[in-house]
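Trainee: Sequence first, then the predicted structure:
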Amino acid sequence: MRQYTSKNDEQELSLQKEYMRKAASYVDGLAEQLGRRPLCCVTTFGCQMNARDSEKLAGILMQIGYEPAENEADADFVIYNTCTVRDNANQRVYGRLGFLNSIKKKKPHLKIALCGCMMQEAAVIEKIKKSYRFVDLIFGTHNIFKFAQLLVTMFENTDMTVDIWQETDQIVEELPVNRKYPYKSGINIMFGCNNFCSYCIVPYVRGRERSRDPKEIIQEIERLVADGVVEVMLLGQNVNSYGKNLDVPVTFAQLLREVERIEGLRRIRFMTSHPKDLSDELIEVMRDSAKICRHLHLPVQAGSDRILQAMNRRYTKAQYLQLVDKIRTAMPDIAITTDIIVGFPGETLEDVEETIDVVRRVQYDNAYTFIYSKRTGTPAAAMQNQVPEEVVRQGFDKLLKAVQDTAKERAALLQGKVLEALVEEVNEQDGTLMTGRLSNNMLVHFPASQNRIGQLVKVSLDTCHGFYYTGHVVD
Ligand code: SAH
Ligand code: SF4
Ligand code: F3S
């Protein structure tokens, strides 16, 4: 098996810093030409991992002298960080590119860049080269650390700059990051995925699983805490297999124990857990932790054993339910959320009933339900028995109802309780209210002053509104 490095590539890091200085001189030139600082806009599609990558892109753009634009139409540089997990994500990108083209016609100096998972598909690159010739820069998931260098190439060329790698064994962290929230942050603990669930394109576009060195993770979190972060979310496609391929193997539970010790850090979250790898050691560490949030995202995908097997999930319905039982016995107050796919090839309405049975038994606090999307190159795309749209719709609607019913029941259980919330932002609808997040990931809205943002406060959960609460601060 190929040995991947887990350590930061310091040489590459200094090379990229060099390119940042060079890119900055081009941005200065543009500023002179425009008579103002150039504006940029980073638009993110997809998961938390992409959101974290976008903070890295924004970090470099700020470093080289761009300022954030209010919206895409005002920007002088727009980058789409794309997702390809389902086809509708791709369609949204193509739709919005059409809109960007109309802006570029009026503003020829506008530079347009595309990166992320969708760019790792050869057919997508062909299509963009053919039908979206106004795009200036394209790169993929493996060489995002080269962003500064690619910007320099883009500034020096009039042709489309395209640089897609099939894989990488480099890890280049510690480049500038522009965090969306001052008080919380995602942090990559691993990259890629080795699971090859038969419907999923992620292993093909994100490459093989690679874990970061635990010391480097701890140091990064320490730096974040020193910079005001109180909550971290450890990110990986399957955090439960963290550390297995390190030179000195470490378990995810051991990593969590180390993170727990970081002084000043108040909350720890992680995503995503694959049920097949969730260890007893992890349950123990969670149970005994004062910082790990009472929330576990545990994608089930389907309830029928036949479908689970065809999906290559490597657990049965009974094993999943047993695991949930173990988790709930150890932590009765834990919120469990999940992902579910409806319409996988060969899935019947009886199979969907099995999924609904899991929903009722587990009593999920929330479930993200997706209609199966055929992804070219995955084993499931070649399966003969694709499900007719109407059957999918029927199963999906029924499942959604079950999910909403159980989620409401779960939410109602918290009525009247006083729980700790991290004050996150001003409520979008009502400026007098603040929005806070409970340890179990539920939102609560309450009157408070803005300077409490980033603080943990005790909130009484007064009124349940289905999936969220309104309440008041009690400390
Ligand atoms: N690594 C995570 C999931 C990442 S993708 C995990 O295994 O849990 C997020 C979710 O998208 C998946 O959990 C799955 O429910 C959904 N998904 C992935 N591929 C899909 C497809 N082809 N069609 C529909 N939904 C899909
Ligand atoms: Fe996709 Fe499965 Fe990997 Fe999740 S674990 S990213 S669903 S292949
Ligand atoms: Fe999408 Fe890539 Fe995440 S395909 S879900 S952005 S890993």
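Mentor: Thanks, I have the structure now. Ligands and ions are numbered 1, 2, ... in the order given.

Trainee: what about residue 49, how many residues close to it?
Mentor: 23 (other CB atoms under 10 Å). Heads up, the C-betas are built off the backbone N, CA and C, glycines and all.

Trainee: Ligand 1 versus residue 189, what's the distance?
Mentor: Going from residue 189 to ligand 1 by CB to the nearest ligand atom, to the nearest Å gives 13 Å.

Trainee: oh, and call the first residue 53 from now on, that's how I've got it
Mentor: I'll keep to 53 as the first residue from here, and by that count the last item is residue 241.

Trainee: got a pLDDT number for that residue?
Mentor: Listed pLDDT for residue 241 reads 97.

Trainee: if I read this right, it contacts residue 264, doesn't it?
Mentor: Yes: counting by CB atoms under 8 Å, residue 241 touches residue 264, with 5.7 Å between them.

Trainee: Now do the buried residues in stretch 363-371.
Mentor: Neighbour-count burial for stretch 363-371 flags 363, 365, 367, 369 (criterion: 16 or more other CB atoms under 10 Å).

Trainee: Read off the pLDDT value for the first one.
Mentor: Model confidence at residue 363, expressed as pLDDT, equals 98.

Trainee: What are the phi and psi values at it?
Mentor: With angles defined as degrees, to the nearest 10, residue 363 shows backbone torsions of phi -80, psi -10.

Trainee: Verify the stated contact: it with residue 396.
Mentor: Yes: using CB under 8 Å, residue 363 makes contact with residue 396 at a distance of 6.2 Å.

Trainee: is it fair to say residue 419 lies in a strand?
Mentor: Yes: the assignment for residue 419 is a strand, going by DSSP: H, G, I helix; E, B strand; the rest coil.

Trainee: Now for it: which residues touch it?
Mentor: Neighbour list for residue 419: 389-392, 411, 455, 459 [criterion: CB atoms under 8 Å, 6 or more residues apart in numbering].

Trainee: Show the buried residues in these.
Mentor: With burial judged by 16+ other CB under 10 Å, the buried subset of these is 389-390, 392, 411, 455, 459.

Trainee: returning to what we had before: out of the contacts of residue 419, which sit inside helices?
Mentor: Judged by DSSP state H, helices contain the following of the contacts of residue 419: 411, 455, 459.

Trainee: quick one, what contacts the first one?
Mentor: Taking CB under 8 Å, 6+ apart as the criterion, residue 411 is in contact with 355, 392, 419, 451, 454-455, 458.

Trainee: swap the cut-off to 10 Å and go again
Mentor: Contact analysis of residue 411 by CB atoms under 10 Å, 6 or more residues apart in numbering lists 352, 355, 390, 392, 419, 421, 451-459.

Trainee: next one: the second one
Mentor: Residue 455 sits next to 390, 392, 407-408, 411-412, 416, 418-421 when contact means CB under 10 Å, 6+ apart.

Trainee: As a markdown table, those with distance to ligand 3 and pLDDT would be great.
Mentor: Shown next, in a markdown table, are the contacts of residue 455 (distance: CB to the nearest ligand atom, whole Å; pLDDT from 0 to 100):
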| residue | distance to ligand 3 | pLDDT |
| --- | --- | --- |
| 390 | 15 | 98 |
| 392 | 15 | 98 |
| 407 | 21 | 98 |
| 408 | 25 | 98 |
| 411 | 22 | 98 |
| 412 | 27 | 97 |
| 416 | 20 | 98 |
| 418 | 17 | 96 |
| 419 | 17 | 97 |
| 420 | 11 | 97 |
| 421 | 15 | 98 |
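
Trainee: what two of these have the greatest distance between them?
Mentor: Distances among these were taken as CB to CB; the most separated pair is 412 and 420, at 17.4 Å.

Trainee: between the contacts of residue 419, which is nearest residue 202?
Mentor: Distance to residue 202 across those (CB to CB) is lowest for residue 391, with 32.8 Å.

Trainee: Phi first, then psi, for the nearest residue to the closest one once chain neighbours are set aside.
Mentor: Once flanking residues are discounted, residue 391 sits nearest to residue 351: 3.8 Å by CB to CB, 6 or more residues apart in numbering. Backbone torsions of residue 351, given as degrees, to the nearest 10, read phi -60, psi 130.

Trainee: re the thing from before, within reach of ligand 1, which of the buried ones among the contacts of residue 419 are there?
Mentor: With CB under 6 Å from any ligand atom as the criterion, the buried ones among the contacts of residue 419 include none near ligand 1.

Trainee: With distance to residue 447 added, can I get the contacts of residue 419 in a markdown table?
Mentor: Compiled in a markdown table, these are given as follows (distance: CB to CB, whole Å):
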| residue | distance to residue 447 |
| --- | --- |
| 389 | 20 |
| 390 | 16 |
| 391 | 16 |
| 392 | 10 |
| 411 | 12 |
| 455 | 12 |
| 459 | 18 |
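
Trainee: so what's residue 262 bridging to?
Mentor: Residue 262 has these beta-bridge partners by DSSP bridges: residue 243.

Trainee: Make sure it is actually in contact with residue 298.
Mentor: Yes: here residue 262 reaches residue 298: they are 9.4 Å apart, a contact under CB atoms under 10 Å.

Trainee: got the residues of the chain near ligand 3?
Mentor: Neighbours of ligand 3 within the chain, by CB under 6 Å from any ligand atom: 98-99, 101-102, 135-137, 169, 254, 257-258.

Trainee: which ones among those residues are found in helices?
Mentor: Those of the residues of the chain next to ligand 3 lying in helices (DSSP H): 101-102, 254, 257-258.

Trainee: quick revisit: tell me the one among the residues of the chain next to ligand 3 nearest to residue 431.
Mentor: Nearest member of those to residue 431, counting by CB to CB, is residue 254, at 13.6 Å.

Trainee: close enough to count as contact, that closest one and residue 138?
Mentor: No: contact between residue 254 and residue 138 fails when scored by CB under 10 Å: they sit 11.3 Å apart.

Trainee: Need the residues touching each of those two.
Mentor: Residues touching both residue 254 and residue 138 (CB under 10 Å, 6+ apart): 98, 427.
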